[in-house]
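Q: would you be able to build a 3D model of this:
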Amino acid sequence: MEVQKVAEDIYVNFSILMGLDKDGLKRLHEELKQGRRMNYYPICSRPNLVLGISPHSDGTTFTLLLQDDEVTGL
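A: Here you go, the predicted model:
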């Protein structure tokens, strides 16, 4: 529930920054949906051969990315 509260606060602040009233984005989306995904990327033994992934966008209004200080990348 804490992540949901943070998301709701961000929606309010984004709405205000965009010149909408505080519930502007919430009304546009009707329901604040939330998803979680955890990825693990093991160390690559041959990084010089890695091409990476193609450019993409997330299908959401915003993405909260929680990083681990012990894991490099992104």
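
Q: distance of the most centrally placed residue in the chain relative to residue 19?
A: For the chain, residue 63 is the residue whose C-alpha lies nearest the centre (C-alpha atoms, centre = their mean; 1.1 Å). Taking C-beta to C-beta, to the nearest Å as the measure, residue 63 and residue 19 are separated by 23 Å. Any C-beta I mention is one placed from the backbone N, CA and C, and that applies to glycine too.

Q: quick one on the thing from earlier: pLDDT score for the residue nearest to the centre of the chain?
A: Per-residue confidence (pLDDT) for residue 63: 77.

Q: likewise for residue 7?
A: Looking at residue 7, its pLDDT reads 84.

Q: so it makes contact with residue 35?
A: No: with contacts counted by C-beta atoms under 8 Å, residue 7 stays clear of residue 35, the gap being 10.8 Å.

Q: which SS class is the residue nearest to the centre of the chain?
A: coil (DSSP: H, G, I helix; E, B strand; the rest coil).

Q: what is the neighbour count of residue 31?
A: Residues near residue 31, counting by other C-beta atoms under 10 Å, number 6.

Q: an error on my part: the question was meant for residue 62.
A: Around residue 62 there are 11 other residues, counting by other C-beta under 10 Å.

Q: now do the one 4 residues further on
A: The burial count assigned to residue 66 is 7, neighbours taken as other C-beta under 10 Å.
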